[in-house]
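Student: Have a look at this fold, sequence not included:
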(Lines give C-alpha, C1' and ligand atoms only; values in the text may rest on other atoms or scores of the structure.)
Protein backbone atom coordinates (compact mmCIF):
# COMPACT_ATOMS: atom_id res chain seq x y z
CA UNK A 1 0.00 0.00 0.00
CA UNK A 2 1.44 3.35 -0.98
CA UNK A 3 1.54 6.39 1.27
CA UNK A 4 -1.42 8.33 -0.21
CA UNK A 5 -3.68 5.26 0.04
CA UNK A 6 -2.56 4.64 3.61
CA UNK A 7 -3.29 8.25 4.54
CA UNK A 8 -6.78 8.03 3.01
CA UNK A 9 -7.50 4.81 4.93
CA UNK A 10 -6.30 6.38 8.19
CA UNK A 11 -8.43 9.49 7.61
CA UNK A 12 -11.50 7.39 6.79
CA UNK A 13 -11.02 5.18 9.86
CA UNK A 14 -10.53 8.26 12.06
CA UNK A 15 -13.64 9.90 10.62
CA UNK A 16 -15.70 6.76 11.23
CA UNK A 17 -14.37 6.56 14.80
CA UNK A 18 -15.23 10.20 15.47
CA UNK A 19 -18.70 9.77 13.95
CA UNK A 20 -19.30 6.64 16.05
CA UNK A 21 -18.17 8.43 19.22
CA UNK A 22 -20.46 11.39 18.50
CA UNK A 23 -23.38 9.07 17.75
CA UNK A 24 -22.80 7.14 20.99
CA UNK A 25 -22.57 10.35 23.01
CA UNK A 26 -25.78 11.69 21.46
CA UNK A 27 -27.65 8.44 22.21
CA UNK A 28 -26.32 8.42 25.77
CA UNK A 29 -27.45 12.01 26.32
CA UNK A 30 -30.89 11.30 24.86
CA UNK A 31 -31.30 8.22 27.08
CA UNK A 32 -30.30 10.10 30.23
CA UNK A 33 -32.57 13.05 29.39
CA UNK A 34 -35.45 10.64 28.81
CA UNK A 35 -34.81 8.69 32.01
CA UNK A 36 -34.09 11.59 34.36
CA UNK A 37 -36.29 14.33 32.87
CA UNK A 38 -36.14 17.48 34.97
CA UNK A 39 -33.50 15.89 37.19
CA UNK A 40 -31.15 15.87 34.15
CA UNK A 41 -31.47 19.66 33.87
CA UNK A 42 -30.96 20.03 37.62
CA UNK A 43 -27.76 17.97 37.39
CA UNK A 44 -26.46 20.05 34.46
CA UNK A 45 -27.00 23.21 36.50
CA UNK A 46 -25.50 21.69 39.65
CA UNK A 47 -22.41 20.21 38.00
CA UNK A 48 -21.75 23.05 35.58
CA UNK A 49 -22.22 21.24 32.29
CA UNK A 50 -23.68 18.22 30.60
CA UNK A 51 -20.51 16.09 30.62
CA UNK A 52 -20.08 16.19 34.39
CA UNK A 53 -23.83 15.88 34.92
CA UNK A 54 -24.07 12.79 32.71
CA UNK A 55 -21.09 11.25 34.45
CA UNK A 56 -22.80 11.80 37.82
CA UNK A 57 -26.12 10.41 36.58
CA UNK A 58 -24.39 7.28 35.30
CA UNK A 59 -22.64 6.88 38.67
CA UNK A 60 -26.06 7.06 40.32
CA UNK A 61 -27.36 4.36 37.99
CA UNK A 62 -24.43 2.06 38.81
CA UNK A 63 -24.81 2.65 42.55
CA UNK A 64 -28.58 2.01 42.49
CA UNK A 65 -28.16 -1.16 40.38
CA UNK A 66 -26.50 -2.70 43.43
CA UNK A 67 -29.48 -2.04 45.71
CA UNK A 68 -31.91 -4.89 46.37
CA UNK A 69 -34.89 -2.81 45.19
CA UNK A 70 -38.10 -4.80 44.99
CA UNK A 71 -41.86 -4.43 45.06
CA UNK A 72 -43.95 -5.12 48.12
CA UNK A 73 -46.31 -8.04 48.60
CA UNK A 74 -49.99 -6.96 48.63
CA UNK A 75 -50.41 -7.41 52.39
CA UNK A 76 -47.37 -5.26 53.14
CA UNK A 77 -48.55 -2.65 50.63
CA UNK A 78 -51.95 -2.60 52.37
CA UNK A 79 -50.26 -2.21 55.75
CA UNK A 80 -48.26 0.78 54.49
CA UNK A 81 -51.36 2.31 52.87
CA UNK A 82 -53.22 2.03 56.18
CA UNK A 83 -50.30 3.58 58.06
CA UNK A 84 -50.37 6.49 55.60
CA UNK A 85 -54.11 7.02 56.03
CA UNK A 86 -53.74 6.95 59.82
CA UNK A 87 -50.96 9.49 59.71
CA UNK A 88 -52.88 11.78 57.39
CA UNK A 89 -55.94 11.68 59.66
CA UNK A 90 -53.77 13.55 62.20
CA UNK A 91 -53.33 16.50 59.86
CA UNK A 92 -56.50 18.35 60.88
CA UNK A 93 -55.59 18.48 64.56
CA UNK A 94 -51.81 18.02 64.49
CA UNK A 95 -50.40 19.09 61.10
CA UNK A 96 -46.80 19.25 62.32
CA UNK A 97 -46.98 15.70 63.69
CA UNK A 98 -48.60 14.51 60.47
CA UNK A 99 -45.75 15.93 58.37
CA UNK A 100 -43.12 14.42 60.66
CA UNK A 101 -45.00 11.13 60.40
CA UNK A 102 -45.21 11.39 56.60
CA UNK A 103 -41.45 11.95 56.41
CA UNK A 104 -40.80 8.91 58.59
CA UNK A 105 -43.27 6.76 56.64
CA UNK A 106 -41.64 7.71 53.33
CA UNK A 107 -38.23 6.76 54.73
CA UNK A 108 -39.63 3.48 56.10
CA UNK A 109 -41.22 2.66 52.74
CA UNK A 110 -37.97 3.45 50.92
CA UNK A 111 -36.14 1.03 53.23
CA UNK A 112 -38.83 -1.62 52.76
CA UNK A 113 -38.40 -1.33 48.98
CA UNK A 114 -34.62 -1.78 49.29
CA UNK A 115 -33.23 1.76 49.28
CA UNK A 116 -30.44 2.37 51.80
CA UNK A 117 -31.91 5.50 53.40
CA UNK A 118 -29.27 7.65 55.04
CA UNK A 119 -29.32 10.88 57.00
CA UNK A 120 -27.85 12.57 53.92
CA UNK A 121 -30.90 13.93 52.09
CA UNK A 122 -29.14 14.60 48.77
CA UNK A 123 -27.95 10.99 48.59
CA UNK A 124 -31.49 9.73 49.16
CA UNK A 125 -32.86 12.07 46.49
CA UNK A 126 -30.12 11.07 44.03
CA UNK A 127 -30.85 7.39 44.60
CA UNK A 128 -34.58 7.93 44.09
CA UNK A 129 -33.97 9.91 40.91
CA UNK A 130 -32.69 6.83 39.07
CA UNK A 131 -36.03 5.01 39.14
CA UNK A 132 -38.44 7.73 40.22
CA UNK A 133 -37.22 10.89 38.47
CA UNK A 134 -40.77 12.03 37.84
CA UNK A 135 -41.49 12.41 41.58
CA UNK A 136 -38.09 13.10 43.15
CA UNK A 137 -38.78 16.84 42.95
CA UNK A 138 -41.79 16.25 45.23
CA UNK A 139 -39.43 14.64 47.73
CA UNK A 140 -37.10 17.63 47.54
CA UNK A 141 -39.94 20.11 48.14
CA UNK A 142 -41.45 18.11 51.01
CA UNK A 143 -38.10 17.65 52.77
CA UNK A 144 -37.25 21.33 52.35
CA UNK A 145 -40.54 22.28 54.01
CA UNK A 146 -39.99 19.68 56.74
CA UNK A 147 -36.59 21.25 57.38
CA UNK A 148 -38.16 24.70 57.73
CA UNK A 149 -40.78 23.17 60.03
CA UNK A 150 -38.07 22.04 62.45
CA UNK A 151 -36.90 25.63 62.82
CA UNK A 152 -40.46 26.95 63.17
CA UNK A 153 -40.50 28.64 59.75
CA UNK A 154 -43.49 26.95 58.16
CA UNK A 155 -47.19 27.61 58.39
CA UNK A 156 -50.16 25.29 57.93
CA UNK A 157 -50.28 25.88 54.17
CA UNK A 158 -46.60 24.92 53.92
CA UNK A 159 -47.33 21.76 55.89
CA UNK A 160 -50.26 20.92 53.60
CA UNK A 161 -47.95 21.41 50.62
CA UNK A 162 -45.35 19.11 52.21
CA UNK A 163 -48.03 16.46 52.73
CA UNK A 164 -49.19 16.67 49.11
CA UNK A 165 -45.60 16.33 47.90
CA UNK A 166 -44.83 13.42 50.22
CA UNK A 167 -47.99 11.72 48.97
CA UNK A 168 -46.84 11.92 45.33
CA UNK A 169 -43.62 10.08 46.20
CA UNK A 170 -45.47 7.75 48.59
CA UNK A 171 -47.89 6.61 45.92
CA UNK A 172 -45.07 6.12 43.39
CA UNK A 173 -43.11 3.98 45.84
CA UNK A 174 -46.18 2.12 47.05
CA UNK A 175 -47.31 1.42 43.51
CA UNK A 176 -50.89 2.51 44.04
CA UNK A 177 -52.93 5.57 44.86
CA UNK A 178 -53.89 6.01 48.49
CA UNK A 179 -57.18 7.57 47.34
CA UNK A 180 -57.89 4.56 45.12
CA UNK A 181 -57.28 2.25 48.06
CA UNK A 182 -59.72 4.31 50.14
CA UNK A 183 -62.36 4.14 47.39
CA UNK A 184 -62.18 0.32 47.34
CA UNK A 185 -63.27 0.11 50.97
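Tutor: Structure's in. What do you need? Keep in mind the model is a prediction, meaning the values are calculated, not measured. Numbers count the residues shown, from 1 in each chain.
Student: and the spatially most central residue of the chain, how far is that from residue 82?
Tutor: Ranked by distance to the mean C-alpha position of the chain (C-alpha atoms, centre = their mean), the top residue is residue 129 at 2.2 Å. Look at residue 129 and residue 82: by C-beta to C-beta, to the nearest Å, they are 28 Å apart. Bear in mind the C-beta positions are built from the backbone N, C-alpha and C, glycine included.
Student: Number of residues surrounding residue 38?
Tutor: 13 (other C-beta atoms under 10 Å).
Student: can you pull the contacts of it?
Tutor: 133, 137 (C-beta atoms under 8 Å, 6 or more residues apart in numbering).
Student: per-residue confidence for it?
Tutor: If you check residue 38, the pLDDT there is 89.
Student: How about the one 10 residues further on?
Tutor: pLDDT, residue 48: 93.
Student: Please apply the same query to residue 16.
Tutor: In this model, residue 16 is scored at 89, pLDDT.
Student: okay, now it: neighbour count?
Tutor: Neighbours of residue 16 (other C-beta under 10 Å): 10.
Student: same thing with residue 45?
Tutor: Residues near residue 45, counting by other C-beta under 10 Å: 10.
Student: Also residue 41?
Tutor: 13.
Student: May I ask which helix or strand encompasses it?
Tutor: Assessed by DSSP states H and E, residue 41 sits inside helix 38-47.
Student: Look up phi and psi at residue 91.
Tutor: When read as degrees, to the nearest 10, the backbone of residue 91 gives phi -60, psi -40.
Student: Next, the contact list for it, please.
Tutor: 98, 159-160, 163.
Student: okay if I get those residues as CSV plus neighbour count, distance to residue 171 and pLDDT?
Tutor: Formatted as CSV, the contacts of residue 91 follow (neighbours: other C-beta atoms under 10 Å; distance: C-beta to C-beta, whole Å; pLDDT from 0 to 100):
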residue, neighbour count, distance to residue 171, pLDDT
98, 22, 16, 94
159, 22, 19, 93
160, 15, 17, 93
163, 21, 12, 93
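Student: can you list the domains in the chain?
Tutor: Following automatic domain parsing, one finds the domains of the chain at 3-65, 74-184.
Student: most packed of those domains?
Tutor: Counting by mean count of other C-beta atoms under 10 Å, domain 74-184 has the highest mean neighbour count of these, with a mean of 17.
Student: roughly how far out does that one sit from the chain middle?
Tutor: Here domain 74-184 shows a centroid-to-chain-centroid distance of 13 Å under the convention C-alpha atoms, centre = their mean, to the nearest Å.
Student: Below-threshold pLDDT in the chain: ranges please.
Tutor: 177-185 (pLDDT under 70).
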